[in-house]
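Visitor: Give me a model of this one.
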Amino acid sequence: MAAFQPKMVYTLDEYFELEKSTNEKFEFWDGNVWSMAGASYAHNIIVRNLNTEVDLQLREKGCHSFPTDMRIKVPEYPPYRYPDLTALCGDPEIEKIGGIDMLLNPQVIIEVLSDSTEAFDRGDKFSYYKSIGSFSEYILVAQHRLHVTQFVKHGDGFWMNLEFNDLQDTVELKSVPCRLPLSDIFRGVSFPEPMISGSETARNTE
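Guide: Predicted structure coming up:
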């Protein structure tokens, strides 16, 4: 793996070469490049759980799920992004730019939130994702608490949102045939409980 040599500003061609020359994922915006590595333990466990559940439910139904290595073309946030998980039914549409494959037609995008990205993922990033014509469902999963937000696009362009915060809840995806119980999403993840008598306990979802 080639060493990443940070620069102040990258051209788009330099960014493509960086992506092709390393095993690490980077994102690009307006000449700035940053690494996508270094997610927390909870983030990785949740992403693993989601990938397993979605793949198992879709593989026999003419649908597809893609892990975070799949690049998604975002017209208003070019050239592409790395969601934690994407899914669609039908045939994937792929465009190659700079020698790199990008998925054009995701229907569902799932992001696992962190303290540093939550505001962006709920705000500007969501707005950018809406420029993808096929995009119709957005799932945001907290990693520091038991909470999932589901946004579903209606025909008039209105996005309805639902909130889930109980292990007995199940998120029913509308764009692909998939059900995600919170007990499966958060399997193996512990959350701090409120302070009790000066000590902190943890709740495990196993």
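Visitor: For the rest of this, base every contact and every neighbour count on C-alpha atoms.
Guide: Will do.
Visitor: Helix or strand with the lowest mean pLDDT in the protein?
Guide: The helix or strand of the chain with the poorest confidence is strand 202-204; it has a mean of 52 (mean pLDDT, DSSP states H and E).
Visitor: Could you pick out the longest helix of the chain?
Guide: Selection of the longest helix in the chain by residue count, based on DSSP state H, yields helix 41-58.
Visitor: Please list the outside residues in contact with that one.
Guide: The contact list for helix 41-58 (CA atoms under 8 Å, 6 or more residues apart in numbering) reads 64-67, 84-85, 112-114, 143-144, 176-178, 180, 184-189.
Visitor: centre of the chain versus the helix or strand that it is followed by, how much separation?
Guide: Counting by DSSP states H and E, the element after helix 41-58 in chain order, helix or strand, is strand 63-66. Mean C-alpha position of strand 63-66 versus that of the full chain (CA atoms, centre = their mean, to the nearest Å) differs by 13 Å.
Visitor: Which elements pack onto the helix or strand following strand 63-66?
Guide: Following strand 63-66 in sequence order, the next helix or strand is strand 72-73 (DSSP H and E). Applying 3 or more CA pairs under 8 Å, 6 or more residues apart in numbering; DSSP states H and E, we find strand 72-73 packed against strand 80-81, strand 100-103.
Visitor: run the last query once more with 10 Å
Guide: For strand 72-73, the contact count by 3 or more CA pairs under 10 Å, 6 or more residues apart in numbering; DSSP states H and E identifies strand 80-81, strand 94-97, strand 100-103 as packing neighbours.
Visitor: Show me the contact partners of it.
Guide: 78-83, 86, 94-95, 97, 101-106, 109, 129, 131-132 (CA atoms under 10 Å, 6 or more residues apart in numbering).
Visitor: What mean pLDDT does it get?
Guide: For strand 72-73, mean pLDDT is 95.
Visitor: How about stretch 143-150?
Guide: On average, the pLDDT along stretch 143-150 is 94.
Visitor: Over to stretch 31-50?
Guide: Here the average pLDDT along stretch 31-50 is 84.
Visitor: Can you give me the buried ones in that stretch?
Guide: For stretch 31-50, the neighbour count (16 or more other CA atoms under 10 Å) marks 32-33, 42-50 as buried.
Visitor: start to end distance for it?
Guide: Using CA to CA, to the nearest Å, the end-to-end distance of stretch 31-50 comes out at 32 Å.
Visitor: any idea how far that stretch is from the chain center?
Guide: 9 Å.
Visitor: Same check on stretch 28-46?
Guide: 11 Å.
Visitor: and if you look at stretch 131-151?
Guide: Using CA atoms, centre = their mean, the offset of stretch 131-151 from its chain centre is 8 Å.
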